[in-house]
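Participant: attaching a predicted model along with its sequence, questions to come.
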Amino acid sequence: MTDRLTPDPREERLPKWARDLLAGLRSQTAAAIRARDQARQEHGPTDSDTILDPYHPAGPIGLPKGERVRFIIGETPEGRVDREWIDAQVERQTYRDGHTETWLHLMGGDGIAVRPQSSNVIRVTLSEN
């Protein structure tokens with residue numbers, strides 16, 4: 001990852017505004033990498049129901065319980081606002097008798113289609129409207 005943060009020698013030939021822009025983007029990238037690594041250290045998966053990067057060699061990042069994650073499925077068609085997404089969130093309900101139910105709540109910018117792939121895999125897409 002550090003290769004992306006090292007200036008390319010060809011940048012010296014660019015105008016100053018372009019070099020400054022690239023330096024700013026490199027700085028933002030480095031800050032995002034530091035924040036991700038800090039989150040990985042501080043928020044492990046032990047007390048989380050939403051985990052990012054579950055197979056990353058440095059370890060997963062646990063988000064707070066009940067955190068909502070948005071997946072951008074495709075490009076927004078002309079004339080429509082923010083429609084090509086699906087949100088996912090783990091929800092829990094405890095009933096009066098004491099038993100608790102947990103499920104994955106999905107909500108889309110458009111209708112959602114669920115297609116079984118195998119006994120433990122489904123494909124969730126936005127339906128054609």
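Facilitator: Cool, the structure landed. For clarity, every value in this text was computed on a predicted model and none was experimentally measured. Numbering: from 1, shown residues only.

Participant: ranges for the helices of the chain?
Facilitator: 2-5, 16-42 (DSSP state H).

Participant: go through the longest one and flag the buried ones.
Facilitator: Yep, that's helix 16-42 we're talking about. Arg40 (16 or more other C-beta atoms under 10 Å). Just so you know, the C-beta spots here come from the backbone N, C-alpha and C atoms, and that holds for glycine as well.

Participant: which residue ranges of this structure form strands?
Facilitator: 50-52, 61-63, 69-72, 85-94, 100-108, 112-118, 121-126 (DSSP state E).

Participant: contacts for the longest one next, please.
Facilitator: Counting by C-beta atoms under 8 Å, 6 or more residues apart in numbering, strand 85-94 makes contact with 49-50, 65-73, 100-109, 112, 124, 126, all of which sit outside it.

Participant: one more time with 6 Å
Facilitator: Here strand 85-94 makes contact (C-beta atoms under 6 Å, 6 or more residues apart in numbering) with 49, 68-72, 100-103, 105-109.

Participant: just the fifth one next, same as before
Facilitator: Contacting residues not belonging to strand 100-108 are listed as Ile86, Asp87, Ala88, Gln89, Glu91, Arg92, Gln93, Thr94, Leu126 [C-beta under 6 Å, 6+ apart].

Participant: in ChimeraX, how would I select the buried members of those residues?
Facilitator: Filtering the contacts of strand 100-108 down to the buried ones (16+ other C-beta under 10 Å) takes a single ChimeraX command:
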select :86,88,89,126
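
Participant: make JSON lines out of the strands of the chain and add mean pLDDT.
Facilitator: Listed next are these as JSON lines, based on pLDDT from 0 to 100:
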{"stretch": "strand 50-52", "mean pLDDT": "83"}
{"stretch": "strand 61-63", "mean pLDDT": "82"}
{"stretch": "strand 69-72", "mean pLDDT": "86"}
{"stretch": "strand 85-94", "mean pLDDT": "90"}
{"stretch": "strand 100-108", "mean pLDDT": "91"}
{"stretch": "strand 112-118", "mean pLDDT": "92"}
{"stretch": "strand 121-126", "mean pLDDT": "89"}
